[in-house]
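Turn this into a structure:
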Amino acid sequence: MGNEALPAVGEVLSNAQIREHFGGQNEGGIRGSNTKNTVVVIHDPRTKTRGSIYLDNWDDAGILHYRGQGQNGDQQLARLNLRLSQSSERGYDVHLLEALGGGRYEYRGQVELADEVYTVQEADSSGQLRSVLIFPLRPKVLGSASVAPTRGPATITVPEDDDATDVPAEEAGTHAAVQKMLVEMGASMGLTVWVARNDRHRVVDGVPLGDMVGVRSTIPSQFEPATQRTIEHIDVLWFRGNSIEAAFEIEHTTAIYSGLLRMADLISMQPNLDIRLFIVAPEEKRQRVLTEIARPTFSALHPPLRKRARYISYQALNDLRERFAAHMGHVQPSIIETIAEAAATPED
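Numbering: from 1, shown residues only. I've put the predicted structure just below:
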C-alpha cells in the first residue's frame with residue numbers, strides 16, 4: 001500500500017471504506033487488490049453460533065486458523081486462496097477485519113502466515129465431508145511493534161526481521177520433518193515425547209505427528225497456567241517419566257523469533273527450571289540464531305538465555321541420528337549436547 005495511512009486498529013469500517021483503503025471486492029471472506037498489493041481477510045467470530053461452515057478459531061499461541069474460500073466440494077488452492085497462500089513470498093500486505101454484523105467490520109491490523117497451509121476434513125454447505133484449506137495467521141511484526149487482534153490471545157512484541165531469507169526446502173527440510181526426527185530419536189532412547197499442541201495434526205510420511213510411537217497425549221500439570229501454556233506449544237519435548245529432559249524449538253521459517261520468545265518466557269516464569277533448551281535451525285541460520293540468543297533483551301533474563309539455550313543444525317541432528325541409528329536405545333539424552341553450540345559474548 002506504499003505510504004497510504006492505514007485505519008486505526010479498532011476502527012469500524014463499511015464495505016465501501018474497506019475497498020477505499022485496501023481495494024478489491026465489496027464482499028467475500030478473502031478479498032484482493034493488485035493495485036494496492038493487498039489481501040483482506042474477514043473473520044466472523046459469530047460463525048459457531050450461526051451454523052456457518054466456516055469455523056475459524058484462535059489457538060493458545062495467538063494463531064488464527066482461518067478457513068479458505070469455497071462452500072461446496074474440496075477447497076482448491078486457486079484464485080484468492082492461492083493469493084493468500086503466496087502473500088509472504090509475493091509481498092502482499094494481509095489485513096484482518098472482524099465482522100460485527102450490519103455491514104460493519106472492525107479493523108484488527110496486519111497479519112501474516114505463521115506456518116504452511118494445511119487441510120482438514122469438514123462438512124460443506126450440503127453436509128458432505130470435504131477438504132478445507134486452513135491458513136494459520138498471526139499478527140505481523142511492524143518495525144518495533146506488532147499489531148495484535150484485541151480479542152485474540154496476547155502476543156509479545158519483537159524487533160523487525162531485518163535479514164529475511166527463505167530457506168530452500170530441499171536444503172532445510174520442513175518443520176514437521178525435523179519434529180518427526182526428534183520424536184523418533186527420543187522414543188528410541190526410551191523417552192516419551194510431546195509434540196506442540198498446534199502441530200499434532202501435521203502428517204509426515206502418512207502419519208500424524210500426534211499418532212507416532214512414543215508421543216504423549218498429555219503432559220503433567222505441574223506448573224501454573226501461563227507456564228503450562230508455554231510448555232504445551234514448544235515444538236518437541238523429551239520426557240523421562242514426568243520430568244522434561246530437553247526442549248526443542250525448530251526455526252525453519254523466515255523469522256526466527258517465535259521459539260526464542262517461548263524459551264525466554266519459560267526462563268522468565270521458571271528461572272530455576274533445569275531443562276536443556278535447543279534451537280534447531282538450518283546451517284544457513286546458524287550465525288543469526290546465535291546472535292539472537294545473545295541479544296541484550298534475552299541477556300537481561302536471569303539466567304540469560306545464552307546460558308541456557310544452544311543451537312543445533314539440521315545436518316548435525318541428522319548425522320547424529322544416522323551415527324547411532326543401531327544403538328539409539330543404549331545412549332543417553334545428553335548425547336544431544338555433543339552437537340549443540342552455545343552463543344558466545346565478549347564477557348564470556
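
I'd guessed residue 92 sits against residue 35; true?
No: under the criterion of C-beta atoms under 8 Å, residue 92 is not in contact with residue 35, lying 11.9 Å apart. From N, CA and C alone the C-beta is placed, and that goes for glycine too.

With neighbour numbers in mind, choose between the two.
Taking neighbours as other C-beta atoms under 10 Å, residue 92 and residue 35 compare with residue 92 leading, 19 against 9.

Now the more buried one: closest residue in space that isn't a chain neighbour?
residue 39 (4.9 Å; C-beta to C-beta, 6 or more residues apart in numbering).

Kindly confirm whether my reading is correct that that neighbour touches residue 90.
No: when contacts are counted by C-beta under 8 Å, residue 39 is not listed as touching residue 90 (9.6 Å).

Need the overlap of contacts for these two.
In terms of C-beta atoms under 8 Å, 6 or more residues apart in numbering, residue 39 and residue 90 are both contacted by the residues residue 83.

which of the two has more neighbours?
Neighbours per residue, other C-beta under 10 Å: of residue 39 and residue 90, the larger number sits with residue 39, 24 against 10.

Okay, and the beta partners of that one?
Beta-bridge pairing of residue 39 under DSSP bridges involves residue 32, residue 94.

Next one: it relative to residue 238, how far apart?
With the distance defined as C-beta to C-beta, to the nearest Å, residue 39 ends up 39 Å from residue 238.

before we move on, what SS does residue 266 have?
With DSSP: H, G, I helix; E, B strand; the rest coil as the basis, residue 266 sits in helix.

What are the neighbouring residues in contact with it?
The contact partners of residue 266, by C-beta under 8 Å, 6+ apart, come to 227, 230-231, 234, 247, 273, 275, 277.

go on, residue 84?
Taking C-beta under 8 Å, 6+ apart, we find residue 84 in contact with 30, 32, 39, 41, 68, 94, 113, 135.

Please confirm that it is located within a helix.
Yes: using three-state DSSP, the assignment for residue 84 is a helix.

all helices for the stretch 51-200 of the chain, in order.
Under the criterion DSSP state H, counting those that start in this stretch, helices of the stretch 51-200 of the chain are mapped to 79-85, 87-90, 169-172, 175-188.

Restricting to C-alpha, output the first one in CSV.
Listed next in CSV are the C-alpha coordinates belonging to helix 79-85 (Å, rounded to 0.1, in the frame of the first residue of the first chain):
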residue,chain,number,x,y,z
ARG,A,79,-7.7,-17.7,-7.0
LEU,A,80,-7.9,-15.8,-3.7
ASN,A,81,-6.9,-18.9,-1.7
LEU,A,82,-3.8,-19.1,-3.8
ARG,A,83,-3.2,-15.3,-3.3
LEU,A,84,-3.4,-15.6,0.5
SER,A,85,-1.1,-18.7,0.4
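
any idea how far the spatially most central residue of the chain lies from residue 183?
When the chain is reduced to its mean C-alpha position, the closest residue under C-alpha atoms, centre = their mean turns out to be residue 114, at 4.6 Å. Shown here: residue 114 relative to residue 183, a distance of 21 Å by C-beta to C-beta.
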